[in-house]
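Participant: my questions concern the predicted model and sequence given below.
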2 protein chains.
Amino acid sequence: MTTTARPSAARERILETAFALFYARGIRAVGVDLIIAESGVAKATFYKHFPAKDDLVVAYLDKVDGVWTGQLEAAAEAAGPDPADQLVGLFDALGTACRREGYRGCAFINAAAESQPGTAVHDRTVAHKTAVLDWVRTLAERAGARDPESLARSLTLLLDGGLASGSLDASPDAPKAAKASAQALVEAATAA
Amino acid sequence: MTTTARPSAARERILETAFALFYARGIRAVGVDLIIAESGVAKATFYKHFPAKDDLVVAYLDKVDGVWTGQLEAAAEAAGPDPADQLVGLFDALGTACRREGYRGCAFINAAAESQPGTAVHDRTVAHKTAVLDWVRTLAERAGARDPESLARSLTLLLDGGLASGSLDASPDAPKAAKASAQALVEAATAA
DNA sequence: AACCTAACAGACAGATCTGTCTACCTGCAA
DNA sequence: TTGCAGGTAGACAGATCTGTCTGTTAGGTT
């Protein structure tokens, strides 16, 4: 029972390497051989932890989900206790992400572009987007929006648009416009 | 001088095949061998018209640009003579696109996800997004928006978000929410 | 009839990709 | 001391990918 923690060091190294390479270059563009070399692991070890490349891809998306969801929640929380402010504040996470060196768009949208509907990878992407939409909807409900569903839709649309554009346009105008629009939509949707 | 039209039949067949396959399966997922077999063309003919695969990819994006821009303009025009209405009406093209069988998101965002910044393919994507933004901006100016630049940004954000989400969520709610939000933003930006 | 252009047909080279398999090593626990 | 779990090292198979090259065929022009 002592076993040095199930998440072995080798596995962690592989995942860390994949995280960086998949995001920076795309999933298909990165072969398992490169990940193996870069993470200094034996091939057999790689295939022991991830029986197929797609298993690693899904694990990579799990990791991205954790990171991005955390940033979204942190930005919302930083905006104060008012749910309406939180809905707007969450867009600060977008600005921060786009400004980051090596930003290359939304990992999920990118993964979806490289996978076919019905595969585990594609499903993982859909699950992520659904989870974000659900979370924003509860925030919209708490903010007392007249139509929380459609406000949540609009805000996630804005968010996805910003995520996608951020990699095509270096200017910070997109995140700014996204936040400003979010503010306008939230105000309109919660006005007495 | 009679030459059966410079855009030869073989070239057209290749491009047509690439258009369908690249969009449906992704660029990296489709090899030139498949395009050659599917379009019933000889390998030498293929490489005569497109010296490298990337040349075909750029031609594919040119074609998508023509089609999508046309649909956007048609939708705007169909909304009537008022520029403000046209800004909203353009979102009908989004709904139509998402509803289409085999819809798989924005070909440009997808291509960007599979290419590196600085390549011809990536540049073509940026050029497309810039062109759309410019066009929306002139519409916003004609509509008398207080800040045409930022209204155009917001609307293209909404558009890109809808384009990206459309492939992850079969429901027609995303395009509907996009149009409704666009309406609200246009009204707010042009109100006296 | 001679010629030329565009296209067809397909072998081939060389790289790369995923996944399997054998063999060896090391540290710990019974 | 024995056994085992987890790791290292790397050859190998089989598929697939881009791009080149040789040779043939068909149609139109001069």
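Facilitator: Received the coordinates, thanks. A quick note: this is a predicted structure, and the numbers were derived from the prediction, not measured. Numbers count the residues shown, from 1 in each chain, chains lettered A, B, ... in the order given.
Participant: any idea how far stretch A:120-137 is from the middle of the chain?
Facilitator: The offset between the C-alpha centroid of stretch A:120-137 and the centroid of the whole chain comes to 9 Å, using CA atoms, centre = their mean, to the nearest Å.
Participant: check contacts around residue A:185.
Facilitator: Residues touching residue A:185, when contacts are defined by CB atoms under 8 Å, 6 or more residues apart in numbering or on different chains, comprise A:151, A:154-155, A:158, B:181, B:184-185. All C-beta spots, glycine's among them, are computed from the backbone N, C-alpha and C.
Participant: list the buried residues for the helix or strand hosting it?
Facilitator: When elements are defined using DSSP states H and E, residue A:185 is found to belong to helix A:173-190. By neighbour count with 16 or more other CB atoms under 10 Å in any protein chain shown, helix A:173-190 contains the buried residues A:173-186, A:188-190.
Participant: list the helices and strands the lengthiest helix in chain A packs on?
Facilitator: Longest helix in chain A, counting residues (DSSP state H): helix A:53-78. In terms of contacts (3 or more CB pairs under 8 Å, 6 or more residues apart in numbering or on different chains; DSSP states H and E), helix A:53-78 is packed against helix A:9-25, helix A:32-39, helix A:83-89, helix A:91-99, helix A:107-113, helix A:120-142.
Participant: quick one: buried residues of that helix?
Facilitator: By neighbour count, and taking 16+ other CB under 10 Å as the criterion, the buried residues in helix A:53-78 are A:53, A:56-61, A:63-65, A:68, A:71-72, A:75-76.
Participant: returning to that earlier point: between the contacts of residue A:185, which is nearest DNA strand C?
Facilitator: Distance ranking of the contacts of residue A:185 against DNA strand C, using CB to the nearest atom of the strand, places residue A:158 first at 34.5 Å.
Participant: what about the closest one, neighbour count?
Facilitator: Taking other CB atoms under 10 Å in any protein chain shown as the criterion, the count of residues near residue A:158 is 28.
Participant: tell me how far the helix or strand in which residue A:48 is found lies from the chain's centre.
Facilitator: Element membership of residue A:48, judged by DSSP H and E, is helix A:43-49. Per CA atoms, centre = their mean, the displacement of helix A:43-49 from the mean C-alpha position of its chain is 27 Å.
Participant: run a quick neighbour tally on residue A:27.
Facilitator: 25.
Participant: residues contacting the residue nearest to it when sequence neighbours are not counted?
Facilitator: Counting by CB to CB, 6 or more residues apart in numbering or on different chains, residue A:27 lies nearest to residue A:114, which is 5.1 Å off, once chain neighbours are set aside. With contacts taken as CB under 8 Å, 6+ apart, residue A:114 has the following neighbours: A:26-28, A:121, B:26, B:28-29, B:113-114.
Participant: out of the residues you listed, which one sits closest to DNA strand C?
Facilitator: Proximity of those to DNA strand C (CB to the nearest atom of the strand) peaks at residue A:28, which lies at 7.2 Å.
Participant: surely the closest one and residue B:31 touch.
Facilitator: No: taking CB atoms under 8 Å as the definition, residue A:28 is not a contact partner of residue B:31, at 11.9 Å.
Participant: between these two, who's got more neighbours?
Facilitator: More neighbours sit around residue A:28 than around the other of residue A:28 and residue B:31, counting by other CB under 10 Å; the figures are 16 against 11.
Participant: and the more buried one, what helix or strand is that in?
Facilitator: Using DSSP H and E, no helix or strand contains residue A:28.
Participant: so how far is residue A:160 from it?
Facilitator: Taking CB to CB, to the nearest Å as the measure, residue A:28 falls 22 Å from residue A:160.
Participant: could you do residue A:83 as well?
Facilitator: Here the criterion is CB to CB. By it, residue A:83 lies 21 Å from residue A:160.
Participant: got it, and residue A:39?
Facilitator: Counting by CB to CB - residue A:39 and residue A:160 are separated by 31 Å.
Participant: more neighbours, those two?
Facilitator: It is residue A:160, of residue A:39 and residue A:160, that has more neighbours when counted by other CB under 10 Å, with 29 against 19.
Participant: residues contacting the residue nearest to the more buried one when sequence neighbours are not counted?
Facilitator: On the basis of CB to CB, 6+ apart, the spatially nearest residue to residue A:160 that is not a chain neighbour turns out to be residue B:161, at 4.0 Å. With contact taken as CB under 8 Å, 6+ apart, residue B:161 is in contact with A:156-162, A:164, B:174, B:178.
Participant: and these, which two are furthest apart?
Facilitator: Comparing every pair within these by CB to CB identifies A:162 and B:174 as the most remote, at 15.2 Å.
Participant: residues of chain A that sit close to DNA strand C?
Facilitator: A:2, A:30-34, A:43-44, A:47, A:51-54 (CB under 7 Å from any atom of the strand).
Participant: show me which of these are buried.
Facilitator: Among the residues of chain A next to DNA strand C, the ones that count as buried (16+ other CB under 10 Å) are A:30, A:32, A:53.
Participant: show me the contacts for the closest residue to residue A:17 other than its chain neighbours.
Facilitator: If you skip the residues right next to it in sequence, residue A:17 has residue A:39 as its closest partner in space, 4.0 Å away by CB to CB, 6+ apart. In this structure, residue A:39 makes contact with A:10, A:13-14, A:16-18, judged by CB under 8 Å, 6+ apart.
Participant: mind running it again at 7 Å?
Facilitator: Residues touching residue A:39, when contacts are defined by CB atoms under 7 Å, 6 or more residues apart in numbering or on different chains, comprise A:13-14, A:17.
Participant: check which helix or strand covers the residue nearest to residue A:105 when sequence neighbours are not counted.
Facilitator: Using CB to CB, 6+ apart and skipping residues adjacent in sequence, the residue nearest residue A:105 is residue A:167, 3.7 Å away. Of the helices and strands defined by DSSP H and E, none includes residue A:167.
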